[in-house]
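Engineer: Predicted coordinates and the sequence they were generated for:
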There are 2 protein chains.
Amino acid sequence: MNLILLEPSDFIGPHQVRLTDRRWQHIQQVHQAKLGESLRVGLINGLMGLGTVTALDTTGVTLQIALSEPPPTALPLTLVLALPRPKMLKRTLQTIASMGVKRLILVNSYRVEKSFWQSPFLQAAAIREQLLLGLEQARDTVLPEVILEKRFKPFVEDRLPALTADSLALVAHPGAYPACPRQLEQQVTLAIGPEGGWIPYEVELLTQAGFSPVQLGERILRVETAVPVLLARLF
Amino acid sequence: MNLILLEPSDFIGPHQVRLTDRRWQHIQQVHQAKLGESLRVGLINGLMGLGTVTALDTTGVTLQIALSEPPPTALPLTLVLALPRPKMLKRTLQTIASMGVKRLILVNSYRVEKSFWQSPFLQAAAIREQLLLGLEQARDTVLPEVILEKRFKPFVEDRLPALTADSLALVAHPGAYPACPRQLEQQVTLAIGPEGGWIPYEVELLTQAGFSPVQLGERILRVETAVPVLLARLF
């Protein structure tokens, strides 16, 4: 936790918060903060700054808050990701939040197991928990938007074109395609397939929707590695 | 398992292997291979090719092996990594093997917990197991060399200079440093710190040993994210 994220409901005064949950435990046990010490804080979807310990007792901590810094720049990216299996989903949500992705669309694909859509990790509160861990890690306050699309074809045909307008649309897929471009400054929509990859029909539908296939070389990476590798390369 | 890795001891004839362990189970359960089918195989530290199922029974599978393709190109990199905590070490070993790192030096650092050095995951067989998982994933056969250096100062002062000779030596560290370079083609030695980062004294020693500090921007990434991000950016 490199940043203590604050919710509006934490405020007990215009510039004062009271924390009694895992953030308090973290401040006690990891920071071992004393009265008068300052910690990095940020308001969810707002500014970052410092919180100074003004009271510390057996039930919680009170901080005096001064917020002035904007959060770090977001990536100009919409990430379309075939739903990973639950364990990998958790880690990937943290990764994309820490790297500055602000819109993630989790889609179905032929090689996504149906049971993955039943995972409790897909509940809004569970997704938010993983995103917050990523933001706390990276020192960012802006929660990514996560959209679930359980039907591939209507999503790609009907809704994706509006989402990709004015962006460079790329689909990562192994094969005789151009290498994934580097160091872009424009808006990008990137589609990453499941373990085992997109099936040809899916690549074809994405291509018809304006996506250009790009590849990363002959090594086949796990989704949780491919995501940071592709983002680091694109931006 | 995108590649079935073979050990010399698997061979029961010049071009024939018998598999009875988890690779056999994988061939049965995931590939659901039938007699006459061909699977991608590779000899550890050797060539890759095809294995054709010539016998399949309740105790194992026999494959006829034809090896002709070289493994994918390695990264021109020596990675010096402060020992991560055991769970992260496992994943990081898989990641570096899948991305083509062929020399990894796990070093001590002020912020590495002493107990990490006692982890059973640091035993040679445990390290090898994770590396093999990474190679199977990426379709590579060449096992990375992993070196353990439990004392930072003598390693950096006495042994690192010989290891970094003729390479660009970089230490990843947040701060007012140049941005990490991109798309290098030369030999690189890259040092990545622990959670919480190198302490100033360590950066100073590395600098004296010829390392240039570089940074990745204001976001603080977990080691398991920073590793693929830095490698994707450098090469």
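Structural biologist: Yep, that arrived. Quantities reported herein were computed from a predicted structural model and do not represent experimental measurements. Numbering: from 1, shown residues only, chains lettered A, B, ... in the order given.

Engineer: For the worst-scoring helix or strand of chain A on mean pLDDT, C-alpha coordinates in CSV please.
Structural biologist: With mean pLDDT, DSSP states H and E as the measure, the helix or strand of chain A carrying the lowest mean pLDDT is helix A:160-164 (a mean of 91). Taking only C-alpha atoms (Å, rounded to 0.1, in the frame of the first residue of the first chain), the coordinates of helix A:160-164 have been written out as CSV:
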residue,chain,number,x,y,z
LEU,A,160,-17.3,-2.2,-30.3
PRO,A,161,-17.3,0.1,-33.3
ALA,A,162,-18.6,3.0,-31.2
LEU,A,163,-16.0,2.2,-28.5
THR,A,164,-13.1,2.1,-30.9
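
Engineer: Remind me what it packs against, helices and strands.
Structural biologist: Where contact means 3 or more CB pairs under 8 Å, 6 or more residues apart in numbering or on different chains; DSSP states H and E, helix A:160-164 is packed against strand A:77-82, strand A:188-192. Heads up, the C-betas are built off the backbone N, CA and C, glycines and all.

Engineer: ok, then the element right after the shortest one?
Structural biologist: I take that to be strand A:188-192. Tracing the chain past strand A:188-192, the next element assigned as helix or strand by DSSP states H and E is helix A:200-208.

Engineer: hmm, who's touching that following helix?
Structural biologist: Residues lying outside helix A:200-208 but in contact with it, judged by CB atoms under 8 Å, 6 or more residues apart in numbering or on different chains, are A:109-110, A:152-153, A:156-157, A:160, A:169, A:171, A:173, A:191, A:193, A:198, A:213.

Engineer: Find the nearest non-adjacent residue to the spatially most central residue of chain A, please.
Structural biologist: Within chain A, one residue has its C-alpha closest to the average C-alpha position: by CA atoms, centre = their mean, that is residue A:97, at 2.7 Å. Excluding the flanking residues, the one nearest residue A:97 by CB to CB, 6 or more residues apart in numbering or on different chains is residue A:134, at 2.7 Å.

Engineer: What does the pLDDT read for the one you found?
Structural biologist: What the model reports for residue A:134 is a pLDDT of 98.

Engineer: so it makes contact with residue A:101?
Structural biologist: No. Taking CB atoms under 8 Å as the definition, residue A:134 is not a contact partner of residue A:101, at 9.2 Å.

Engineer: Now do the phi/psi pair for residue A:184.
Structural biologist: Summarising the backbone geometry of residue A:184 under the convention degrees, to the nearest 10, its torsions are phi -80, psi 160.

Engineer: separation between the residue nearest to the centre of chain A and chain B?
Structural biologist: 10 Å (CB to the nearest CB, to the nearest Å).

Engineer: Check the gap between that residue and residue A:131 for me.
Structural biologist: Distance, residue A:97 to residue A:131, using CB to CB, to the nearest Å: 4 Å.

Engineer: Find the residues that touch each one of those two.
Structural biologist: A:143-144.

Engineer: How about the residues of chain A by chain B?
Structural biologist: A:2, A:72, A:94-95, A:98-100, A:137-140, A:182-183, A:217-222, A:225, A:228-233 (CB under 8 Å from any CB of the partner chain).

Engineer: Report how many residues lie close to the residue nearest to residue A:60 when sequence neighbours are not counted.
Structural biologist: With sequence-adjacent residues excluded and distances taken as CB to CB, 6+ apart, residue A:60 is closest to residue A:20, at 3.6 Å. One way to gauge burial is a neighbour count; for residue A:20, by other CB atoms under 10 Å in any protein chain shown, it gives 12.

Engineer: Which of the helices or strands spans the residue nearest to residue A:97?
Structural biologist: helix A:124-138.

Engineer: Residue A:68 too?
Structural biologist: Assigned by DSSP H and E, residue A:68 belongs to strand A:61-69.

Engineer: distance between that strand and the chain's centre?
Structural biologist: 25 Å (CA atoms, centre = their mean, to the nearest Å).

Engineer: repeat for stretch A:196-213
Structural biologist: Distance of stretch A:196-213 from its chain centroid, counting by CA atoms, centre = their mean, is 23 Å.

Engineer: next one: stretch A:153-163
Structural biologist: Chain-centre distance of stretch A:153-163: 21 Å, with CA atoms, centre = their mean.

Engineer: residues making contact with that stretch?
Structural biologist: Taking contacts as CB under 8 Å, 6+ apart, the residues outside stretch A:153-163 that touch it are A:78, A:80, A:105, A:107-108, A:149, A:189, A:202, A:205-206, A:209-210.

Engineer: Would you map the helices across chain A?
Structural biologist: Under the criterion DSSP state H, helices of chain A are mapped to A:22-26, A:86-99, A:124-138, A:152-154, A:160-164, A:200-208, A:223-234.

Engineer: how many neighbours does the closest residue to residue A:147 other than its chain neighbours have?
Structural biologist: In space, residue A:147 comes closest to residue A:105 once its chain neighbours are excluded; the distance is 4.6 Å by CB to CB, 6+ apart. As a burial measure, the neighbour count of residue A:105 was computed by other CB under 10 Å and equals 19.

Engineer: now do the one 5 residues further on
Structural biologist: Here the count is done by other CB under 10 Å, and residue A:110 has 15 residues near it.

Engineer: For the nearest residue to it once chain neighbours are set aside, grab phi and psi.
Structural biologist: Nearest residue to residue A:110, sequence neighbours excluded (CB to CB, 6+ apart): residue A:199, at 4.6 Å. Phi and psi for residue A:199, reported as degrees, to the nearest 10, are phi -90, psi 160.

Engineer: Tell me the predicted confidence for residue A:199.
Structural biologist: Listed pLDDT for residue A:199 reads 97.

Engineer: Just to check, it is in contact with residue A:82?
Structural biologist: No. In this structure, residue A:199 sits apart from residue A:82 without contact. The criterion is CB under 8 Å, and the distance is 10.6 Å.

Engineer: Could you list the low-pLDDT ranges of chain A?
Structural biologist: Within chain A, no stretch has pLDDT under 70.

Engineer: Break it into its domains for me.
Structural biologist: By the record's domain assignment, chain A is partitioned as A:4-69, A:77-234 (the TED database).

Engineer: Single out the most deeply packed of those domains.
Structural biologist: Taking mean count of other CB atoms under 10 Å in any protein chain shown as the contact definition, the stretch among these with the greatest mean neighbour count is domain A:77-234, which reaches a mean of 18.

Engineer: Ends of that domain, what's the gap?
Structural biologist: Taking CA to CA, to the nearest Å as the measure, domain A:77-234 stretches 10 Å from start to finish.
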